[in-house]
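Chemist: take a look and give me a structure for this.
(one chain, ligands or ions: 1)
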Amino acid sequence: MNLTDKTYQELKTSLINILGHNGVVADSKGVEVLSRTNVPHRNIPSFVVYPQDASDVQGVLCMARKHGVPVWPVSTGKNWGYGSKSAAYPGGITMVLERMNRIIEINEELGTAIIEPGVTYAQLNTYLKENGIKLWVDSSGSTKDASIIGNALDKGRGVTPYADHFGSLCGMEVVLPDGRKIRTGGGPQDGYPSWNTYKWGTGLFVDGLFAQSNLGIVVQAGLWLMPEPEAYDFFVFEYTAGEDQFADFLKDFRSLIFKGVIKSRPHLANDFAMLCILDQYPNDLLNGKQYLDPEAMQIWKKRMKVPEWTFGCGLYGTKEEVRLHKSITKKTLSRYGSTHMTGICAEKNFMGRMANRIARLVLRLQGKSPQFLDSLIPAIELFKGIPTDHFVKQVYFKSFDQKPASEFEPARDGCGFVWIGPVVPFSPEHISKLMNLVKPLYKKHEFEFFLEIIIESPRSVISLFGLFYDKKSPDESRRAMALYKDIRDVAYKHGYPPYRASVESTQTALDCNPLLKSLITDLKTALDPNNILAPGRYGARARKRE
Ligand SMILES: Cc1cc2nc3c(=O)[nH]c(=O)nc-3n(C[C@H](O)[C@H](O)[C@H](O)COP(=O)(O)OP(=O)(O)OC[C@H]3O[C@@H](n4cnc5c(N)ncnc54)[C@H](O)[C@@H]3O)c2cc1C
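Modeler: Numbers count the residues shown, from 1 in each chain. Sure, this is the predicted structure:
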C-alpha cells in the first residue's frame with residue numbers, strides 16, 4: 001500500500017507519540033531486516049511497532065483506522081517457514097507484541113497461568129523452575145524464544161501430552177479492530193474465578209474466532225500447564241522393517257496412542273528429515289545434479305547410520321505406569337525396529353551421568369554418529385517441556401557450510417525453507433496415499449523428500465513436508481515455490497487441507513470452501529468494516545462497501 005508523504009509523516013508522528021521513539025521502526029533498513037522470511041515470498045511494511053501494553057495496542061489501532069492503514073499483529077514473529085513477521089501485502093504497520101511479556105499469574109494447584117503474548121517458552125520454563133513450581137510448559141520444536149500465545153494462535157504444536165497449544169489456552173483478552181477490549185469465556189468481563197479453568201463459558205464459544213484469524217489481537221490468555229508426573233522416561237525408535245510392514249506398524253503405533261500407552265505426540269521423521277538434524281548437506285554426493293539421487297541418499301544414510309524412519313517419545317505417569325508402558329511399547333514395536341530407552345541420561349544426578357556415559361558408549365558401538373548423541377539430551381528434555389534451540393540448527397544445513405553454534409535467527413540469516421502440513425486421518429491408507437502423491441513432486445522439482453508425520457491425536461496426523469532450498473539462488477527459490485504450490489494443490493484436491501498457511505498462501509486459505517469463506521467474510525465485515533486488521537489473513541477480508 002502506498003501512503004502519501006503527508007499521511008506517512010502524520011502516522012509516524014502519531015505512532016511515536018503513542019509508543020516513543022524506541023517503539024517504532026520506520027527506517028528502510030530496519031523494516032527490511034525485520035520483514036525477512038525463510039519462504040521465497042515476503043512484503044516490507046512501512047512501520048514496525050512495539051506496544052508495551054493493551055492500551056498501546058488500542059492506540060495504534062485507533063491511528064490505523066484514522067489513516068486507513070492496515071495492522072499485521074504477531075507475538076514474537078518467529079513463524080519461520082510460514083512467513084515470519086511478513087504481512088500478506090506490502091506497506092502498513094507490523095505490530096510485534098514481544099515487549100508485552102508479563103507472566104501475570106501462575107496457579108500451581110489448578111495448573112494454570114495467565115500470560116501476555118511476548119512470554120516465551122524459555123521465559124515461562126525458567127520462571128517455573130526458579131520458583132520450584134512443579135508444572136511443565138509444553139514447547140514446540142522451534143526456538144525457545146518463540147511466543148507461547150503466538151504459536152498457539154497459529155494452531156502450533158508441541159510434543160508432550162499438552163501438545164495441542166490452542167487447546168491449552170483457556171480464556172482470552174482480545175482487542176477488537178474497533179478498539180474494544182473484551183474477555184472471552186462467557187463470564188463477567190472482570191474477576192470471575194473460572195475464566196482460566198473452564199473453556200466453554202455460557203453461550204457461544206468465541207475463542208476459536210481468534211485462532212488463525214484477523215478478528216482481534218490477543219493481549220492476554222490463560223494457559224493450562226502440565227503437572228510434573230511422578231515418573232518420566234524417553235525412548236528413540238528406529239524403523240528397520242521393510243516397506244511392506246509400514247502399514248501394520250502405523251496401526252500398532254496408533255493403537256499405543258489410542259490406549260494411552262503413548263501420551264506424548266511424537267514426530268515420525270523420514271531419513272532426510274533426520275539427516276537435516278544430524279549433518280550438513282553433502283555437496284560431495286551431488287555428482288553434478290541439483291539434488292541427491294537415491295544412490296547418493298543411500299550413501300549418506302549409511303554414513304550417518306540413519307534408518308528409514310525415526311521418532312523420539314516421552315512416557316509419563318506413576319512409576320508403575322511408566323514401567324508398564326515401556327514394556328508394552330517395546331513388545332509392540334520390536335517387530336518393526338529397535339527401541340533405545342534413554343530417559344535417565346538427562347537426569348542431573350550421579351545415576352544420570354553414569355547412564356549417559358554408558359548410553360553414549362553403547363550407541364557409539366552401534367555406529368551412531370556423535371551428532372545423534374548430541375541430539376539425545378535436548379530431545380529428552382524437550383519431551384519434558386524444557387525448550388531448546390538445538391533443532392533450529394537444522395535449517396542452516398543447506399544454506400550454510402556450517403551450522404552456527406548459537407544466535408539462531410534463520411529469517412534474518414536467509415536460510416531457505418518452507419513447511420506445508422496437510423492434515424490426514426491416522427490410517428495407513430490415507431498417510432501412504434498422500435505420501436505417494438507428494439514424493440514424485442520432489443523428484444519433479446529436484447529436491448530431496450522431507451516428511452515428518454506429526455501425531456496430532458490417535459485420529460489425525462499432520463504430514464509435514466519440508467522444502468529446503470538455497471535462498472540465494474533464484475532458480476532454487478523458483479523451484480521451491482513451484483513445489484510448494486504443487487504439494488498444496490494435490491493436498492487440497494484430495495481433501496487434505498494444510499493445518500497452517502504461509503504468507504504466500506494465506507489469502508487463498510479458504511478458497512476450497514466458498515460458503516464458509518463467505519460467512520467468515522460477513523463476520524470480518526461486521527467487526528472490521530474498514531479492513532484494518534491483517535486483511536486477507538487466512539482468507540478473510542471485509543466486503544468492499546457499495
Ligand atoms: C526447526 C523448526 C522447528 C519448528 N518446529 C515447530 C513445532 O514443533 N511446532 C510448531 O508449531 N511450529 C514449529 N516451527 C514453526 C515456528 O517457528 C513456530 O510455530 C513458532 O512458535 C511461531 O512463531 P511465534 O511463536 O513467534 O509466533 P508468531 O509468529 O508471533 O505468531 C504466529 C501467527 O499467529 C498470529 N498471531 C500471533 N500473535 C497474535 C496475537 N497476539 N493476536 C492475534 N494473532 C496473533 C499471527 O498470524 C502470526 O503470524 C518450527 C520452525 C522451525 C524452523
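Chemist: going forward, measure contacts and count neighbours with C-alpha atoms only.
Modeler: Fine.
Chemist: helices of the stretch 351-500 of the chain, residue ranges please.
Modeler: 370-382, 410-413, 428-444, 474-493 (DSSP state H, counting those that start in this stretch).
Chemist: using JSON lines, please lay out these together with mean pLDDT, mean neighbour count and distance to residue 42.
Modeler: As requested, the helices of the stretch 351-500 of the chain are exported to JSON lines (pLDDT from 0 to 100; neighbours: other CA atoms under 10 Å; distance: least, CA to CA, whole Å):
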{"stretch": "helix 370-382", "mean pLDDT": "91", "mean neighbour count": "18", "distance to residue 42": "31"}
{"stretch": "helix 410-413", "mean pLDDT": "94", "mean neighbour count": "19", "distance to residue 42": "11"}
{"stretch": "helix 428-444", "mean pLDDT": "98", "mean neighbour count": "16", "distance to residue 42": "23"}
{"stretch": "helix 474-493", "mean pLDDT": "97", "mean neighbour count": "18", "distance to residue 42": "12"}
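Chemist: out of these, nearest to residue 255?
Modeler: Closest to residue 255 of those, according to CA to CA: helix 428-444, at 12.5 Å.
Chemist: so what's the residue nearest in space to the middle of the chain up against?
Modeler: Of all residues in the chain, the one closest to the mean position by CA atoms, centre = their mean is residue 156, 4.3 Å from it. Residue 156 sits next to 140, 164-166 when contact means CA atoms under 8 Å, 6 or more residues apart in numbering.
Chemist: of all the helices of the stretch 351-500 of the chain, which lies closest to residue 29?
Modeler: helix 410-413 (12.3 Å).
Chemist: can you give the contact residues for that closest one?
Modeler: So helix 410-413 is in contact with 33-34, 36-38, 80, 84, 395-396, going by CA under 8 Å, 6+ apart.
Chemist: who wins for neighbours among the residues you listed?
Modeler: For the contacts of helix 410-413, neighbours were counted by other CA atoms under 10 Å; the highest total belongs to residue 37, with 30 neighbours.
Chemist: tell me the spacing between that residue and residue 30.
Modeler: From residue 37 across to residue 30, the span is 14 Å (CA to CA, to the nearest Å).
Chemist: got it, and residue 505?
Modeler: Here the criterion is CA to CA. By it, residue 505 lies 25 Å from residue 30.
Chemist: likewise residue 170?
Modeler: Taking CA to CA as the measure, residue 170 falls 36 Å from residue 30.
Chemist: higher neighbour count, the two?
Modeler: residue 170 (23 against 13).
Chemist: confirm for me that the more buried one is in contact with residue 195.
Modeler: Yes. Contact criterion CA atoms under 8 Å: residue 170 and residue 195 qualify, at 7.1 Å.
Chemist: make JSON lines out of the contacts of helix 410-413 and add secondary structure and distance to residue 355.
Modeler: Output for the contacts of helix 410-413, formatted as JSON lines (DSSP: H, G, I helix; E, B strand; the rest coil; distance: CA to CA, whole Å):
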{"residue": "33", "secondary structure": "helix", "distance to residue 355": "45"}
{"residue": "34", "secondary structure": "helix", "distance to residue 355": "44"}
{"residue": "36", "secondary structure": "coil", "distance to residue 355": "43"}
{"residue": "37", "secondary structure": "coil", "distance to residue 355": "41"}
{"residue": "38", "secondary structure": "coil", "distance to residue 355": "39"}
{"residue": "80", "secondary structure": "coil", "distance to residue 355": "35"}
{"residue": "84", "secondary structure": "coil", "distance to residue 355": "40"}
{"residue": "395", "secondary structure": "helix", "distance to residue 355": "31"}
{"residue": "396", "secondary structure": "helix", "distance to residue 355": "31"}
